[in-house]
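Trainee: fold the following, please.
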Amino acid sequence: MASALRGVLRNASVSKVLRNPAAVPARLSQARQLVSTRSTAEITAYTIKEKGAADSIDYRVFFHQGDKLVSPWHEIPLYAGDGLLHYICEIPKETSAKMEVATDEVGTPIKQDIKKGKLRFYPYNINWNYGLLPQTWEDPAHTHPELKCAGDNDPVDVVEIGSQSGKRGGVYKVKPLGVLAMIDDGELDWKIIAISVDDPKASLVNDVPDVEKHFPGEIQKILEWFRDYKIPDGKPANKFGYDNTCKDKAFTMEVIKETHEAYVHLKSGARANSEELSLI
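Mentor: Numbers count the residues shown, from 1 in each chain. This is a model prediction of the structure:
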């Protein structure tokens, strides 16, 4: 009986399709669309090439678009459309090597930070994907009117809270959610909280209250991690402006706009390149 009923249902479906063959491509198109939206975060137009031995001061990650060498800081656009941003992953989650874009080298490749001739590592793994927003810059000559400190001379940092590990040198679309105003040794070092657009929870979070609801306690964990990571090396804890508050999406977008404008002034020559940064 059950088998016969399944046969009737199948025949009914076939009959329906035969009566309306235009439904077939429409449904196939919808299926393809559903599949494609699950993996739209990574921008595959950019590839990376590693040079030098890993875990050495000579190690570099260069970016290419086809055969052309491109700067991840200068040649990857900031805005990705639909309110999204491009972000470059420097440090995949659950790793400790302190990698960063070399803003003073031609092509601005990723390298491992060095201090006193030694490669730098965090004292413990970072629990989120971490990287930068291209075409942004925290101007060390500009003092923030409320926080009373100047920029740290770097692109704006991103803490990506998605569940999947990024890859070093990966370029992704992310949704900005909030921002922490970290003050590191007297310098303003914004930390944008964002999520990869293909994360299962991406559609649920659009602002700080959503993060608190769907990632309870995560913002506080981020604040404490960045506050305390220098303490094992005998340094004081970092501070945060706005009474340790994560500012909302609207405020975040203003920070991004302002740091992008600062970058444009630097790149265009309207602001003198007194820090001797590489602009190519």
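
Trainee: looking at this, residue 209 is in a helix?
Mentor: Yes: per DSSP: H, G, I helix; E, B strand; the rest coil, residue 209 lies within a helix segment.

Trainee: and it, how close does it get to residue 219?
Mentor: Distance from residue 209 to residue 219, counting by Cβ to Cβ, to the nearest Å: 11 Å. C-beta here means a position set from N, CA and C on the backbone, and glycine is covered the same way.

Trainee: so how far is residue 129 from residue 41?
Mentor: 11 Å.

Trainee: whoops, residue 251 was the one
Mentor: 22 Å.

Trainee: for the protein, what helix or strand is lowest in average pLDDT?
Mentor: helix 23-36 (a mean of 37; mean pLDDT, DSSP states H and E).

Trainee: off-centre distance for whichever helix or strand comes after that helix?
Mentor: Sequence order places strand 47-51 as the next helix or strand after helix 23-36, per DSSP states H and E. Relative to its parent chain, strand 47-51 has a centroid offset of 19 Å by Cα atoms, centre = their mean, to the nearest Å.

Trainee: how far off strand 47-51 does the helix or strand following strand 47-51 point, in degrees?
Mentor: Sequence-wise, the next helix or strand downstream of strand 47-51 (DSSP H and E) is strand 60-65. With axes from the mean of the first three to the mean of the last three Cα atoms, to 10 degrees defining the directions, strand 60-65 sits at 150 degrees from strand 47-51.

Trainee: please name every helix or strand in contact with strand 60-65.
Mentor: Secondary-structure packing of strand 60-65 (3 or more Cβ pairs under 8 Å, 6 or more residues apart in numbering; DSSP states H and E): strand 47-51, strand 68-70, strand 110-112.

Trainee: which of the ones you listed is buried the deepest?
Mentor: Ranked by mean neighbour count, those are led by strand 110-112 with a mean of 22 (mean count of other Cβ atoms under 10 Å).

Trainee: tell me the mean pLDDT for that strand?
Mentor: Average pLDDT, strand 110-112: 98.

Trainee: next secondary structure after it?
Mentor: Following strand 110-112 toward the C-terminus (DSSP H and E): strand 114-115.

Trainee: sheet-wise, list the partners of that following strand with their directions.
Mentor: Using DSSP bridges, the strands paired with strand 114-115 are strand 118-119 (antiparallel).

Trainee: what does the average pLDDT come to for the partner strand?
Mentor: Strand 118-119 carries an average pLDDT of 96.

Trainee: can you give the distance of that strand from its chain's centre?
Mentor: Strand 118-119 sits 25 Å away from the centroid of its parent chain (Cα atoms, centre = their mean).

Trainee: could you say what helices and strands the next helix-or-strand element following it packs with?
Mentor: The C-terminal neighbour of strand 118-119 among helices and strands, as given by DSSP H and E, is strand 129-132. Strand 129-132 is packed against strand 84-91, strand 157-160, with contacts defined by 3+ Cβ pairs under 8 Å, 6+ apart.

Trainee: for those strands, give me JSON lines that also has mean pLDDT and mean neighbour count.
Mentor: Converted to JSON lines, the helices and strands packed on strand 129-132 look like this (pLDDT from 0 to 100; neighbours: other Cβ atoms under 10 Å):
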{"stretch": "strand 84-91", "mean pLDDT": "98", "mean neighbour count": "24"}
{"stretch": "strand 157-160", "mean pLDDT": "98", "mean neighbour count": "26"}
